[in-house]
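1. sharing a sequence plus its predicted fold:
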Amino acid sequence: MLASLWNSCKNRVVARLGKTGNDVGNGSSGSQAVDRFAFAPYQFFVLAISVVAILLLGISAIAAPGDEMTRLLDWADTLICSLFLVDFAVCLYAAESKWKYFFTWGWIDLLASLPVIHI
């Protein structure tokens, strides 16, 4: 499972930074096109989790404060945010240029991993 996550994050980083899979780790700058749909199942999984997180946020906004439903939604949100945090950490680790990844897409992935805080 971790190998699959590693490969999918590596390919997401590769696709985002515009390098080919052969270029990662060896510093070359090949001109082959990146297959952006190589790991579509994982990308659809992340998309589905993102949609669920947005739906949970909407339901949480209309639920009565202090309700048991609100606590359950908070736990679900924390679990989903944990998945996003693991995804961010693995993608950052897999990135050849960590600063470039962080300042292009990584900061968005990091923000997605922050749970909702009720004030």
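-> Done, it's in. Please read these numbers as outputs of a predicted model, since none were measured by experiment.
2. tell me the spacing between Asp74 and Ala63.
-> From Asp74 over to Ala63 the distance is 10 Å, taken as C-beta to C-beta, to the nearest Å. Any C-beta I mention is one placed from the backbone N, CA and C, and that applies to glycine too.
3. and Asp74, what's its pLDDT?
-> pLDDT for Asp74: 85.
4. am I right that it is in contact with Ile80?
-> No. Assessed by C-beta atoms under 8 Å, Asp74 is found out of contact with Ile80, at 10.9 Å.
5. same drill for those two, tell me which one is more crowded.
-> It is Ile80, of Asp74 and Ile80, that has more neighbours when counted by other C-beta atoms under 10 Å, with 19 against 16.
6. which residues touch that one?
-> Neighbouring residues of Ile80 by C-beta atoms under 8 Å, 6 or more residues apart in numbering: Ile49, Val52, Ala53, Leu56.
7. and the last one, what pLDDT?
-> Just to be clear, that refers to Leu56. 87.
8. what about it, distance to Ala76?
-> Taken as C-beta to C-beta, the span from Leu56 to Ala76 is 6 Å.
9. check which element follows the longest helix along the chain along the chain.
-> Assignment by DSSP state H gives helix 68-94 as the longest helix of the chain. Once helix 68-94 ends, the next helix or strand along the chain (criterion: DSSP states H and E) is helix 98-101.
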